[in-house]
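Novice: need a structure here:
(5 chains)
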Amino acid sequence: MLVGTVVGNVWSTVKDPSLQGLRLLVIQPFTTGKESAEAIVAADTLGAGVGERVLVVFGRAARHCIGKGHDIGFQTAVSAIIDRMELADGRTIGPVANEDI
Amino acid sequence: MLVGTVVGNVWSTVKDPSLQGLRLLVIQPFTTGKESAEAIVAADTLGAGVGERVLVVFGRAARHCIGKGHDIGFQTAVSAIIDRMELADGRTIGPVANEDI
Amino acid sequence: MLVGTVVGNVWSTVKDPSLQGLRLLVIQPFTTGKESAEAIVAADTLGAGVGERVLVVFGRAARHCIGKGHDIGFQTAVSAIIDRMELADGRTIGPVANEDI
Amino acid sequence: MLVGTVVGNVWSTVKDPSLQGLRLLVIQPFTTGKESAEAIVAADTLGAGVGERVLVVFGRAARHCIGKGHDIGFQTAVSAIIDRMELADGRTIGPVANEDI
Amino acid sequence: MLVGTVVGNVWSTVKDPSLQGLRLLVIQPFTTGKESAEAIVAADTLGAGVGERVLVVFGRAARHCIGKGHDIGFQTAVSAIIDRMELADGRTIGPVANEDI
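Specialist: Take a look at the predicted model:
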């Protein structure tokens, strides 16, 4: 499971039929260092908004969260919206990205 | 799921028989930073062209998108062609790479 | 399996129901070099605390460690708390991060 | 699926019995940037030689390509030898690495 | 499959019961470039020692190599000890790390 920040939305018309009706978010993985990482796209059924911190899961766990069964053309999903994350270096990270970084 | 840009095509004669007839694209993963990443190759059944932004899925999800069953020698596929991606930093990214970056 | 250091905790209210009651830790993967890496979040049933070194497993192995079956929305877990790690360059690494780095 | 260049061979005597008789190649993943990446080792049944460009697959797809069933101790295989790869930046990449880079 | 060098050992008392009796090694992935990578931990049944080069496999392949069935809390294993690796740049790499790098 990764922690990331919702940084955008994605829309698509030409797609595998199993993606119909799924809300797709762009997620920026959280790093404790400074490197940027690849942006990932996750299906979201919890209503996460831009700027919110979320837990992202993959594969079987993602299909479970979406709840459409295992015969689908996606593999990444938001499994939780984060309320609070406390790090050992003293930082407390709230649910919204701009508050703390 | 990754977002990437189609940057090329691949042809092969000597290959596993299950790859016969599959259109193979070279995809450059999208990063919000500047690092280049490994190029990935995905099978495409949606007709994505060079310069288009696409969603790329892996494993079971990819086999679902290709529709040839699970006993095949590939694991990556295009699941959607992206119309529009809006990022929190104000960028709006259209379906074609050269328009916006 | 990765070795990492527990660097924080995560709390969430809005989440997939299968995550209910799981203790979630933020883990910083151990590198022999200096690069920071993406922070990962793992479910923990062993009682690992901030600063402790742990083994982190993924997928089927993680679901085994959590013990809630395979139909769940997570995929990463702590499988062991490390007592001691001896490296070829002479370093001996104890269970607590600040002792040795 | 990754594209890579065959950069070497690997021999082993002490190994899991399921690896007996498999030809093992060292593959350097192809990047559009300049970073070197981890070398990967893939089983090859197609006869790829040093310097050739190949498609590399993982997991279930790799076991399919090797054709020894699913109860084996490897997970990476060459699924195709690349004849030609055309990239959007104008480069045409032939089957042999030294010709074009 | 990755090639790596055994750089250390790991001991743990508090762990998932399925890890009982497994020998755990710290492996440094081999890169053709200079970047250090995350250290990984693999279960070993072949008797690999510090400084030896090994093949590391993941997931189902790893569970096969360990031979305890699929309901276990680990996912990485040593599948072979490398005798010799020949690279296209002329380097010949023996089984022990310090001989050649």
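Novice: Now the residue in chain A that chain E sits nearest to: closest residue in space, sequence neighbours ignored.
Specialist: Distances between chain A and chain E by Cβ to the nearest Cβ are smallest at A:G59, namely 10.9 Å. Where C-beta positions appear, they are placed from N, C-alpha and C, glycine not excepted. Nearest residue to A:G59, sequence neighbours excluded (Cβ to Cβ, 6 or more residues apart in numbering or on different chains): A:Q75, at 5.5 Å.
Novice: Can you get me a residue count around the one you found?
Specialist: Residues within reach of A:Q75, counting by other Cβ atoms under 10 Å in any protein chain shown, total 24.
Novice: So it versus C:S12, what's the distance?
Specialist: Noted for A:Q75: a distance of 21 Å to C:S12, by Cβ to Cβ, to the nearest Å.
Novice: thinking again about what came up before, pretty sure the residue nearest to A:G59 is touching B:F58, no?
Specialist: Yes: under the criterion of Cβ atoms under 8 Å, A:Q75 is in contact with B:F58, at a separation of 6.1 Å.
Novice: Backbone dihedrals for A:G59, please?
Specialist: Torsion angles at A:G59 (phi, psi; degrees, to the nearest 10) stand at phi 60, psi -130.
Novice: got the contact list for it?
Specialist: A:Q75, B:G59, B:R60, C:G59, C:Q75 (Cβ atoms under 8 Å, 6 or more residues apart in numbering or on different chains).
Novice: Looking at those residues, which is nearest A:V7?
Specialist: Looking at the contacts of A:G59 and their distance to A:V7, the nearest is A:Q75, at 19.6 Å (Cβ to Cβ).
Novice: For the closest one, list the residues it contacts.
Specialist: A:F58, A:G59, A:A62, A:R63, B:M1, B:V57, B:F58, B:G59, B:R60, B:A61.
Novice: So the third one: helix, strand or coil?
Specialist: At A:A62 the chain is in helix, as set by DSSP: H, G, I helix; E, B strand; the rest coil.
Novice: Pairing-wise in the sheet, spell out the partners of the closest residue in space to it that isn't next to it in sequence.
Specialist: Spatial nearest neighbour of A:A62, chain neighbours left out: A:A77 (3.8 Å); criterion: Cβ to Cβ, 6+ apart. Going by DSSP bridges, A:A77 is paired in beta bridges with A:A43, A:V57.
Novice: can I assume A:A77 is in contact with A:L46?
Specialist: No: proximity of A:A77 to A:L46 does not meet the contact threshold set by Cβ under 8 Å, at 9.1 Å.
Novice: For those two, indicate the residue with more neighbours.
Specialist: More crowded of A:A77 and A:L46, by other Cβ under 10 Å: A:A77, with 28 against 18.
Novice: tell me which residues in stretch A:79-95 are buried?
Specialist: Residues of stretch A:79-95 classed as buried by neighbour count (16 or more other Cβ atoms under 10 Å in any protein chain shown): A:S79, A:A80, A:I81, A:I82, A:M85, A:E86, A:L87, A:A88, A:I93, A:P95.
Novice: That should have said stretch A:54-63, apologies.
Specialist: For stretch A:54-63, the neighbour count (16+ other Cβ under 10 Å) marks A:V54, A:L55, A:V56, A:V57, A:F58, A:G59, A:R60, A:A61, A:A62, A:R63 as buried.
Novice: Hmm, the third one is touching A:V41, no?
Specialist: Which is A:V56. No: contact status for A:V56 versus A:V41: not in contact, 9.8 Å apart, counting by Cβ under 8 Å.
Novice: what touches both of these two?
Specialist: Residues touching both A:V56 and A:V41 by Cβ under 8 Å, 6+ apart: A:I27, A:T76.
Novice: could you pull out the strands for chain A?
Specialist: With DSSP state E as the definition, chain A shows strands at residue ranges A:2-15, A:24-29, A:40-43, A:53-58, A:76-87, A:92-93.
Novice: can you put those in a markdown table and add mean pLDDT?
Specialist: Formatted as a markdown table, the entries for those read as follows, by pLDDT from 0 to 100:
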| stretch | mean pLDDT |
| --- | --- |
| strand A:2-15 | 92 |
| strand A:24-29 | 91 |
| strand A:40-43 | 92 |
| strand A:53-58 | 93 |
| strand A:76-87 | 92 |
| strand A:92-93 | 76 |
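Novice: Can I get those in a markdown table including distance to B:G21?
Specialist: Putting these into a markdown table (distance: least, Cβ to Cβ, whole Å) gives the following:
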| stretch | distance to B:G21 |
| --- | --- |
| strand A:2-15 | 20 |
| strand A:24-29 | 29 |
| strand A:40-43 | 28 |
| strand A:53-58 | 29 |
| strand A:76-87 | 28 |
| strand A:92-93 | 49 |
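Novice: I'd like to know which of those strands lies nearest to B:G69.
Specialist: Closest to B:G69 of these is strand A:2-15 (Cβ to Cβ; 20.7 Å).
Novice: okay, now A:V14: neighbour count?
Specialist: A:V14 sits with 15 neighbouring residues when counted by other Cβ under 10 Å.
Novice: need the contact list for it.
Specialist: By Cβ under 8 Å, 6+ apart, the contact set of A:V14 is B:L46, B:G47, B:A80, B:I81.
Novice: closest to C:V26 among those residues?
Specialist: Of all the contacts of A:V14, the one with the least separation from C:V26 (Cβ to Cβ) is B:A80, at 31.4 Å.
Novice: which bits of chain A sit near chain B?
Specialist: A:6-16, A:18-19, A:24, A:26, A:28, A:35-43, A:50-51, A:59, A:70-76 (Cβ under 8 Å from any Cβ of the partner chain).
Novice: Report the buried members of those.
Specialist: A:6-10, A:12, A:15-16, A:18-19, A:24, A:26, A:28, A:37-43, A:50, A:59, A:72-76.
Novice: Touching, A:T92 and A:R84? I think so.
Specialist: Yes: contact between A:T92 and A:R84 holds when scored by Cβ under 8 Å: they sit 6.7 Å apart.
Novice: Which single residue in chain A comes nearest to chain D?
Specialist: Residue nearest to chain D within chain A (Cβ to the nearest Cβ): A:G59, separated by 10.9 Å.
Novice: what does the model give that residue for pLDDT?
Specialist: Per-residue confidence for A:G59 comes out at a pLDDT of 90.
Novice: try A:G94
Specialist: At A:G94, pLDDT is 72.
Novice: pretty sure it is touching A:R84, no?
Specialist: Yes: A:G94 is in contact with A:R84 according to Cβ under 8 Å; the separation is 6.1 Å.
Novice: Mutual contacts of these two, please.
Specialist: Counting by Cβ under 8 Å, 6+ apart, no residue touches both A:G94 and A:R84.
Novice: picking up where we left off before, what's near enough to touch the residue nearest to A:A62?
Specialist: A:A42, A:A43, A:D44, A:T45, A:V56, A:V57, A:A61, A:A62, A:R63, A:C65, A:I66, C:G73.
Novice: Please report how far the fourth one lies from chain B.
Specialist: Computed with Cβ to the nearest Cβ, to the nearest Å, the distance linking A:T45 and chain B is 15 Å.
Novice: Tell me the residues of chain A that contact chain C?
Specialist: A:1-3, A:29-35, A:37, A:46-47, A:55, A:57-62, A:64-65, A:77, A:79-89.
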